[in-house]
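Q: With the sequence up front, the predicted model follows.
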Amino acid sequence: MKASSYPLEQDLGIEYYGTGTPGIGGRLRTVAEDFIVHEIPSSFPENGKYLICRLTKRRWEHQRAVKEIAKSLGISHRRISWAGTKDRNAVTDQLIAIYDISKDDLASVRLKDMQLEYVGQSSRQLALGDLEGNEFAITIRNTDLAGDELRGCLMQTTEELAGGVPNYFGLQRFGVQRPVTHVVGRHILQDDYQGAVEAYIAMEYDGESPEAAAARRIYAETKNPAETLKALPVPLSFERTLLHHLIEEPGDYRGALRKMPPKLLSMFISAYQSWLFNKALSFRIASGTPLLEPMSGDRIIFTGGKEDVVTGRTEKTAAMHIRRGRAAIGIHMPGAEETKTTGPVDEFMADLLDKDGITSASFGRAAKFVETRFAGASRVISLTPEVRWETPDDTTASLTFGLGPGQYATTVCREYMKAHPEQMV
């Protein structure tokens with residue numbers, strides 16, 4: 001294991017690498033074609049009022065793409081569903097479901113760098129996680145290492161991946177340019193809607209345009225929605241939605257948030273759960289126990305979904321199940337349902353919640369506000385991807401691999417690169 005030296009990763013709980021190699025450096029996504037994502041869909045029940053189509057897009061932010069598709073079709077964006085959010089700076093293809101439109105209606109969608117292809121009809125919408133996984137074809141350019149040194153590092157890193165990669169939620173989970181979603185989610189869970197709005201509009205991060213940063217500063221200093229709106233760049237549509245509502249209904253922060261797309265609101269709460277998971281995973285890694293070795297108090301998740309808790313008596317049996325691919329070690333992310341604390345990792349997570357003043361009742365209240373269920377769920381702590389690599393030239397590396405739903409390609413890339421997070425977005 002190797003510790004990350006980047007404060008941004010540490011703030012998001014992404015504190016360790018699974019491999020000990022020095023890293024090849026370089027940059028991801030010099031062009032969008034350097035990050036290609038193909039979604040492997042699950043089967044869906046045929047026949048019904050949901051039109052299923054394959055959406056291929058290049059350099060589109062997901063929520064904005066959905067809103068523009070809805071606008072072209074003359075429908076509410078709430079009628080469009082999908083199984084997973086894809087990267088913005090990439091070329092991606094995935095299924096989406098659109099309620100109650102015809103195949104011919106797709107012809108009205110004419111957006112640059114976007115195509116919609118009819119796939120079929122379904123009796124239900126798509127839900128987040130409703131996919132088999134994703135396949136990635138990734139190019140890393142301008143690496144710090146070159147030639148044989150580059151190839152040697154790629155080979156050694158690939159060998160070390162057999163020991164497991166920490167299954168962190170990646171930077172994208174928290175917002176690529178402004179990783180604030182977990183902060184907004186924390187405020188919502190604390191029943192602090194004003195804090196949530198202020199965090200979303202006013203928190204600044206490096207990398208944004210000077211115009212956006214100046215507008216955020218105006219709101220942070222004045223709390224004046226009209227003055228902020230005048231300065232805010234037009235593409236920041238969600239911030240503008242919040243500000244428009246506050247101009248019409250001063251002080252109604254709860255109502256302002258309710259103007260946001262439900263899936264975006266849901267992502268705020270999920271991002272806070274993701275932050276908890278990352279912090280707890282780093283805590284376990286810091287204990288020195290390998291990712292694939294169970295310890296007493298660990299939860300293990302079997303391939304069929306059943307969960308169990310490792311005890312001193314069952315450690316060897318659990319280790320055998322993990323070696324044979326029948327189970328994996330997991331960490332439970334808390335939600336509205338009460339859960340039993342089973343070991344040191346759970347106790348660490350409980351301390352984080354106590355410090356934030358958040359309980360299961362907080363998740364229950366947020367679930368009603370967001371209209372999404374947050375029961376809590378377990379997530380495996382490690383990945384063992386089969387990565388194929390090539391070096392098209394002396395300072396370029398190409399990686400291809402597949403991952404399951406909710407797993408981040410950048411968590412694999414960072415093992416190879418060990419570069420600053422900004423070089424991977």
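A: Nice, thanks for sending it over. Predicted model, so just to flag it, every value in this text is computed and none were measured. Residues are numbered from 1 along each chain as shown.
Q: do you know how far the spatially closest residue to Arg240 that is not a sequence neighbour is from Ala397?
A: Spatially, and ignoring its direct neighbours in sequence, Arg240 is nearest to Leu232 (6.0 Å; Cβ to Cβ, 6 or more residues apart in numbering). All C-beta atoms are positioned from the backbone trio N, CA, C, and that covers glycine. To Ala397, Leu232 is 39 Å away according to Cβ to Cβ, to the nearest Å.
Q: can you give me how far the one helix or strand Cys153 maps to is from the chain middle?
A: Applying DSSP states H and E as the criterion places Cys153 in helix 147-160. The chain centre lies 28 Å from the centre of helix 147-160; the measure is Cα atoms, centre = their mean, to the nearest Å.
Q: Tell me the helix or strand right after it.
A: Sequence order places strand 165-166 as the next helix or strand after helix 147-160, per DSSP H and E.
Q: did I read that right, Gln172 in a strand?
A: No - looking at Gln172 with DSSP: H, G, I helix; E, B strand; the rest coil, it is helix, so not inside a strand.
Q: In contact with it: list those residues for me.
A: Applying Cβ atoms under 8 Å, 6 or more residues apart in numbering to Gln172 gives the contacts 87, 408, 410, 425.
Q: other SSEs contacting the helix or strand that contains Ala199?
A: Applying DSSP H and E as the criterion places Ala199 in helix 193-202. Judged by 3 or more Cβ pairs under 8 Å, 6 or more residues apart in numbering; DSSP states H and E, helix 193-202 is in contact with helix 181-189, helix 210-222, helix 237-248, helix 253-258.
Q: where does the nearest residue to Ala212 once chain neighbours are set aside land in three-state SS?
A: Spatial nearest neighbour of Ala212, excluding adjacent residues (Cβ to Cβ, 6+ apart): Pro233 at 5.5 Å. Secondary structure for Pro233, judged by three-state DSSP, is coil.
Q: In contact with Pro233, which residues?
A: The contact partners of Pro233, taken as Cβ under 8 Å, 6+ apart, are 209, 211-212, 215.
Q: Repeat the analysis, applying 7 Å as the threshold.
A: 209, 211-212 (Cβ atoms under 7 Å, 6 or more residues apart in numbering).
Q: For those, give me CSV that also has pLDDT and neighbour count.
A: Formatted as CSV, these follow (pLDDT from 0 to 100; neighbours: other Cβ atoms under 10 Å):
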residue, pLDDT, neighbour count
Ser209, 90, 12
Glu211, 94, 12
Ala212, 94, 20
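Q: Redo the residues you listed as JSON lines? Include distance to Pro334.
A: As requested, these are exported to JSON lines (distance: Cβ to Cβ, whole Å):
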{"residue": "Ser209", "distance to Pro334": "37"}
{"residue": "Glu211", "distance to Pro334": "39"}
{"residue": "Ala212", "distance to Pro334": "34"}
